[in-house]
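Novice: Predicted model and sequence below, questions to follow.
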Amino acid sequence: MAKGKDARVTVILECTSCVRNGVNVKKVSRGISRYITQKNRHNTPNRLELRKFCPYCYKHIIHGEIKK
């Protein structure tokens, strides 16, 4: 039988720079960079932050975990 809660969970990482500056900075419809990954709930109980490439900012920015 399987356990009630799995150790691996799917999380969404979102660009902190795009959210802070707002989506429509230059009155151009731009998006927010998001990545989907997995983390081990037992090893990393805190929110996950990774440095990933943002295609809207054109640089590597910290992407933080958001709620679904």
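Specialist: Done, it's in. Since we're looking at a predicted model, the values are computed, not measured.
Novice: Could you use CA atoms for every contact and neighbour count after this?
Specialist: Will do.
Novice: backbone phi and psi for residue 16, please?
Specialist: phi -80, psi -30 (degrees, to the nearest 10).
Novice: quick one: what helix or strand has the residue lying closest to it once chain neighbours are set aside in it?
Specialist: Among residues not flanking residue 16 along the chain, residue 63 sits closest, at 5.7 Å (C-alpha to C-alpha, 6 or more residues apart in numbering). Assessed by DSSP states H and E, residue 63 sits inside strand 59-66.
Novice: buried sites along that strand?
Specialist: 61, 62, 63, 64, 65 (16 or more other C-alpha atoms under 10 Å).
Novice: can you map out the strands along the protein?
Specialist: For the chain, the strands defined by DSSP state E cover 8-15, 34-40, 49-54, 59-66.
Novice: between the second one and strand 8-15, how big is the angle?
Specialist: Between the axis of strand 34-40 and that of strand 8-15 there is an angle of 150 degrees, by axes from the mean of the first three to the mean of the last three C-alpha atoms, to 10 degrees.
Novice: got the contact list for strand 34-40?
Specialist: Identification of contacts with strand 34-40 by C-alpha atoms under 8 Å, 6 or more residues apart in numbering yields 7, 8, 9, 10, 11, 12, 13, 14, 15, 63.
Novice: Kindly report the same for the first one.
Specialist: Defining contact as C-alpha under 8 Å, 6+ apart, one finds that strand 8-15 is touched by 32-41, 48-50, 54, 61-68.
Novice: how much does the strand holding residue 63 deviate in direction from strand 34-40?
Specialist: Relative orientation of strand 59-66 and strand 34-40, computed by the same axes, to 10 degrees: 60 degrees.
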